[in-house]
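Engineer: structural data only, the sequence is not supplied:
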DNA sequence: CCTACCGATCGGTAGG
DNA sequence: CCTACCGATCGGTAGG
């Protein structure tokens, strides 16, 4: 949404959430002070409390505003392919590309898991699950027969795991590995995943 | 090592690290105070500084003492199997079982990634990589031919990803999913992984 | 290893 | 939305 369409109050609120997000993913929740957030948002400390009740309230809003669903859903909906394999490959590529622009997106979840014991993450996921299942079912369509007999929930979980593990191992392997081991990393991980869920991944055998 | 073999100073140091670990994985680094650590370790605040130079120094020692390698290495070395498939299955089972006792082991890594920008994690991993590669090569042995042609680093990365993603999705899926979707979760994830890396996973096809 | 203390900073609020 | 302030707590240290 364009900034011009926001009232002054809405614009300030947006600025606060954006500032808080940048600080939370780099310093954690307790490592970020309300004064830092206020300064980055361009207002005085007291002004924060015209928009939010407490620091925790700020975090909740940041968490809802910046969780990766925003990038993930459009990527899944835009994906195309004549076979399940092509479709899954295109979906993962789009998701990775969309999330690549925001490389620290997992940090927000990490902060939530540690400092809030995952309560927001679990609640959010539970509320989104029906929609996720629906999208996955529609996306797979009849092509489901090309897949090995794996429960839908396990497919979803393995798919999440694929994306998670790519970004997580990217963080750790980044410096230690020679470049040639990293460039095609996502292609290899996708290959392994597809080979793992497809009945006959012909293209991969070549 | 038995507690009796520790001098009083060594015992206190161990108590401090253990206390700090429990607090860091639940509250993060900045969310934990030196006073909390001292209280939990049973000494006064000032006493901490006879053993550690600073709070960051405490964290570094905790990180080195409690990273998952301690559980992972014995699990890999103890694994047995007549085929690569049996071997991989046994390895993963042992690793998961060993780490299950310490369900928040990933939190320490999350804290490090967010609040220290992964510097310790990357350094640790880089220093362990040669040993990891050696263990993996010895473990796979000649059975390497049973695997699809995937670079060794990618096998390691996918294997890490399997374990990471299991624990990470367990956190989020836990509440939202009916029990029947979770009980065999690790078996399904291992199946997908094995099917993804093996040339002919005969047992799985049945 | 403890007591007592340092300056700095914390989340939050009153009042305008 | 800001200024000025609250009590509480922070990491760390001096001195014993």
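Structural biologist: Arrived safely, thanks for sending. Every value quoted in this text rests on a predicted model; they were computed, and no experiment measured them. Numbering: from 1, shown residues only, chains lettered A, B, ... in the order given.

Engineer: neighbours of residue A:74, how many?
Structural biologist: For residue A:74, the count of nearby residues is 13 (other C-beta atoms under 10 Å in any protein chain shown). Glycine gets a C-beta too; all of them are placed from N, C-alpha and C.

Engineer: with residue A:169 instead?
Structural biologist: 24.

Engineer: check residue A:150 too.
Structural biologist: 16.

Engineer: kindly report the same for residue A:96.
Structural biologist: If you count neighbours by other C-beta under 10 Å, residue A:96 ends up with 18.

Engineer: and for residue A:131?
Structural biologist: When neighbours are counted by other C-beta under 10 Å, residue A:131 registers 11.

Engineer: pull out the buried residues from the helix or strand harbouring it.
Structural biologist: Counting by DSSP states H and E, the element that carries residue A:131 is helix A:119-140. For helix A:119-140, the neighbour count (16 or more other C-beta atoms under 10 Å in any protein chain shown) marks A:120-122, A:124-125, A:129, A:132, A:135-136, A:139-140 as buried.

Engineer: which parts of chain A belong to which domain?
Structural biologist: A:3-54, A:67-195 (automatic domain parsing).

Engineer: residue boundaries of the helices in chain A?
Structural biologist: A:8-27, A:34-41, A:45-48, A:55-66, A:69-78, A:84-100, A:105-115, A:119-140, A:152-176, A:185-197, A:202-205 (DSSP state H).

Engineer: adding distance to residue B:173, write those out as JSON lines.
Structural biologist: Converted to JSON lines, the helices of chain A look like this (distance: least, C-beta to C-beta, whole Å):
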{"stretch": "helix A:8-27", "distance to residue B:173": "23"}
{"stretch": "helix A:34-41", "distance to residue B:173": "32"}
{"stretch": "helix A:45-48", "distance to residue B:173": "35"}
{"stretch": "helix A:55-66", "distance to residue B:173": "18"}
{"stretch": "helix A:69-78", "distance to residue B:173": "15"}
{"stretch": "helix A:84-100", "distance to residue B:173": "18"}
{"stretch": "helix A:105-115", "distance to residue B:173": "13"}
{"stretch": "helix A:119-140", "distance to residue B:173": "7"}
{"stretch": "helix A:152-176", "distance to residue B:173": "6"}
{"stretch": "helix A:185-197", "distance to residue B:173": "17"}
{"stretch": "helix A:202-205", "distance to residue B:173": "28"}
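
Engineer: which of those helices sits most buried?
Structural biologist: helix A:105-115 (a mean of 24; mean count of other C-beta atoms under 10 Å in any protein chain shown).

Engineer: can you list the residues of chain A near DNA strand C?
Structural biologist: Selection of chain A residues close to DNA strand C by C-beta under 7 Å from any atom of the strand yields A:32-36, A:45-46, A:49, A:54-56.

Engineer: from chain A, which residue is nearest to DNA strand D?
Structural biologist: With C-beta to the nearest atom of the strand as the measure, residue A:46 is the residue of chain A nearest to DNA strand D, at 2.6 Å.

Engineer: and chain A, which residues reach DNA strand D?
Structural biologist: Residues of chain A that fall close to DNA strand D, judged by C-beta under 7 Å from any atom of the strand: A:8-9, A:12, A:38, A:42-47, A:50-51.

Engineer: 10 Å instead, please
Structural biologist: A:7-13, A:15-16, A:30, A:35, A:38-39, A:41-51 (C-beta under 10 Å from any atom of the strand).

Engineer: centroid residue for chain A?
Structural biologist: Most central in chain A under C-alpha atoms, centre = their mean is residue A:68, positioned 2.8 Å from the mean C-alpha point.

Engineer: distance of the residue lying closest to that one once chain neighbours are set aside from residue A:37?
Structural biologist: Closest residue to residue A:68 apart from its sequence neighbours, by C-beta to C-beta, 6 or more residues apart in numbering or on different chains: residue A:105 at 5.2 Å. As judged by C-beta to C-beta, to the nearest Å, residue A:105 and residue A:37 stand 19 Å apart.

Engineer: quick one on the thing from earlier: wait, does the helix holding residue A:131 make contact with chain B?
Structural biologist: Yes - with C-beta under 8 Å from any C-beta of the partner chain as the criterion, chain B is reached by helix A:119-140 at A:121-122, A:125-126, A:129.

Engineer: tell me the angle that helix makes with helix B:152-176.
Structural biologist: In terms of direction (axes from the mean of the first three to the mean of the last three C-alpha atoms, to 10 degrees), helix A:119-140 departs from helix B:152-176 by 110 degrees.

Engineer: touching stretch A:151-165 from outside, list them.
Structural biologist: The contact list for stretch A:151-165, computed with C-beta atoms under 8 Å, 6 or more residues apart in numbering or on different chains, reads A:92, A:95-96, A:99, A:106, A:132-133, A:136-137, A:147, A:150, A:189-190, A:193, A:196-197, B:157-158, B:160-162, B:164-166, B:168-169, B:172-173, B:177, B:181, B:185, B:188-189, B:192.

Engineer: need the helix or strand of chain A with the lowest average pLDDT.
Structural biologist: Lowest on mean pLDDT, DSSP states H and E among the helices and strands of chain A sits helix A:202-205, with a mean of 48.

Engineer: which strands or helices does the helix holding residue A:131 pack on?
Structural biologist: With contacts taken as 3 or more C-beta pairs under 8 Å, 6 or more residues apart in numbering or on different chains; DSSP states H and E, helix A:119-140 sits against helix A:55-66, helix A:69-78, helix A:84-100, helix A:105-115, helix A:152-176, helix B:152-176.

Engineer: again, only this time at 6 Å
Structural biologist: Helix A:119-140 sits against helix B:152-176, with contacts defined as 3 or more C-beta pairs under 6 Å, 6 or more residues apart in numbering or on different chains; DSSP states H and E.

Engineer: look up how far residue A:101 lies from the residue lying closest to residue A:102 once chain neighbours are set aside.
Structural biologist: Sequence neighbours aside, residue A:71 is the residue nearest to residue A:102 in space, at 7.2 Å (criterion: C-beta to C-beta, 6+ apart). Counting by C-beta to C-beta, the gap from residue A:71 to residue A:101 is 8 Å.

Engineer: in chain A, what residue lies closest to DNA strand C?
Structural biologist: residue A:33 (3.1 Å).

Engineer: that residue: how many residues sit nearby?
Structural biologist: 14.

Engineer: rewinding a little: identify the farthest-apart pair in the residues of helix A:119-140 next to chain B.
Structural biologist: Maximum pairwise distance among those (C-beta to C-beta): 12.5 Å, between A:121 and A:129.
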